[in-house]
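Enquirer: coords please:
(2 chains)
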Amino acid sequence: AQSVSQHNHHVILSEAASLELGCNYSYGGTVNLFWYVQYPGQHLQLLLKYFSGDPLVKGIKGFEAEFIKSKFSFNLRKPSVQWSDTAEYFCAVNGDSWGKLQFGAGTQVVVTP
Amino acid sequence: DAGVIQSPRHEVTEMGQEVTLRCKPISGHDYLFWYRQTMMRGLELLIYFNNNVPIDDSGMPEDRFSAKMPNASFSTLKIQPSEPRDSAVYFCASSLAATGELFFGEGSRLTVL
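Expert: Numbering: from 1, shown residues only, chains lettered A, B, ... in the order given. Below is the predicted model of the structure:
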């Protein structure tokens, strides 16, 4: 069975700092990978996704993620965060059960002014 | 498209009462998911449907929970009888098998007193 691990539960950083959130998955086959964001009091929204092709994926709001197959990782990055990036971020994998997305536990990110 | 529509947005009820949550997926999507989100347990998949057929209900907590999808445009999640520990935000999401990308509704916040 597949599983998703997010390394950090809480991250606090200042505006303009760089952000990197780790995500590792365990599944040996072909996977589709996603990062979702949940702003306070809102539903989950897609930030970016990887299906195939260029392993460096660019998403909305300046976010990007890199798929490293050999490391089973799909880390999320943003060079310079803003206060409005305060949210919870979820990594998700779709592999062994097509249609069923496996979510990580989430990382709460707080950006201070 | 209006996106995934859930109702009610908020519900406050007393222990022992029946609760019915409703979801209208995005037209044309063939997968529908029910998730529950709490502070303690994060995002949990309760059940999902493919072409209106329940595929995996292993996440349903117990017999008090039931879900139906009578047609491609409507699903319900019912809790009977409700208990305080059922208090959570319940999200419905839909997707197309071809992409695996989930689109979430705004959620139904349930409080059981």
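
Enquirer: Tell me the pLDDT of A:W98.
Expert: On pLDDT, A:W98 comes in at 61.

Enquirer: Can you list the low-confidence ranges for chain A?
Expert: A:1, A:96-99 (pLDDT under 70).

Enquirer: Which residue ranges of it form strands?
Expert: A:3-6, A:10-14, A:19-21, A:23-26, A:32-38, A:45-50, A:56-58, A:64-68, A:73-78, A:87-94, A:102-103, A:107-112 (DSSP state E).

Enquirer: on contacts alone, who are the packing partners of the shortest one?
Expert: Contact partners of strand A:102-103 among helices and strands, from 3 or more CB pairs under 8 Å, 6 or more residues apart in numbering or on different chains; DSSP states H and E: strand A:3-6, strand A:87-94, strand B:42-50. Just so you know, the C-beta spots here come from the backbone N, C-alpha and C atoms, and that holds for glycine as well.

Enquirer: hmm, 7 Å instead?
Expert: Secondary-structure packing of strand A:102-103 (3 or more CB pairs under 7 Å, 6 or more residues apart in numbering or on different chains; DSSP states H and E): strand A:3-6, strand A:87-94.

Enquirer: Give the burial count for B:E62, as a bare number.
Expert: B:E62: 7 surrounding residues under other CB atoms under 10 Å in any protein chain shown.

Enquirer: And it, how far from B:S82?
Expert: Separation of B:E62 from B:S82 (CB to CB, to the nearest Å) stands at 12 Å.

Enquirer: need the contact list for B:V112.
Expert: Going by CB atoms under 7 Å, 6 or more residues apart in numbering or on different chains, B:V112 touches B:T13, B:M15, B:S82, B:E83, B:P84, B:D86, B:S87.

Enquirer: Could you export the residues you listed as a markdown table, including pLDDT, neighbour count and secondary structure?
Expert: Formatted as a markdown table, the contacts of B:V112 follow (pLDDT from 0 to 100; neighbours: other CB atoms under 10 Å in any protein chain shown; DSSP: H, G, I helix; E, B strand; the rest coil):
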| residue | pLDDT | neighbour count | secondary structure |
| --- | --- | --- | --- |
| B:T13 | 97 | 17 | strand |
| B:M15 | 97 | 12 | coil |
| B:S82 | 96 | 23 | coil |
| B:E83 | 96 | 13 | coil |
| B:P84 | 96 | 10 | helix |
| B:D86 | 96 | 20 | helix |
| B:S87 | 97 | 15 | coil |
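
Enquirer: List the residues that contact A:R77.
Expert: A:L19, A:E20, A:E64, A:A65.

Enquirer: if we take those residues, which one ends up nearest to chain B?
Expert: Lowest distance from chain B to the contacts of A:R77 (CB to the nearest CB) belongs to A:A65, with 14.4 Å.

Enquirer: separation between that closest one and A:G106?
Expert: Distance, A:A65 to A:G106, using CB to CB: 16 Å.

Enquirer: again, but for B:Y31
Expert: Going from B:Y31 to A:G106 by CB to CB gives 22 Å.

Enquirer: Isn't A:S80 up against A:A16?
Expert: Yes. The criterion here is CB atoms under 7 Å, and A:S80 meets it with A:A16 at 5.0 Å.

Enquirer: on that earlier part again, between the contacts of B:V112, which sits nearest A:A87?
Expert: B:S87 (22.6 Å; CB to CB).

Enquirer: what residues does chain B put near chain A?
Expert: Selection of chain B residues close to chain A by CB under 7 Å from any CB of the partner chain yields B:31, B:42-43, B:48, B:50, B:56, B:91, B:95, B:97, B:100-102, B:104-107.

Enquirer: Which among those residues count as buried?
Expert: Among these, those classed as buried by 16 or more other CB atoms under 10 Å in any protein chain shown are B:31, B:42-43, B:48, B:50, B:56, B:91, B:95, B:100-102, B:104-107.
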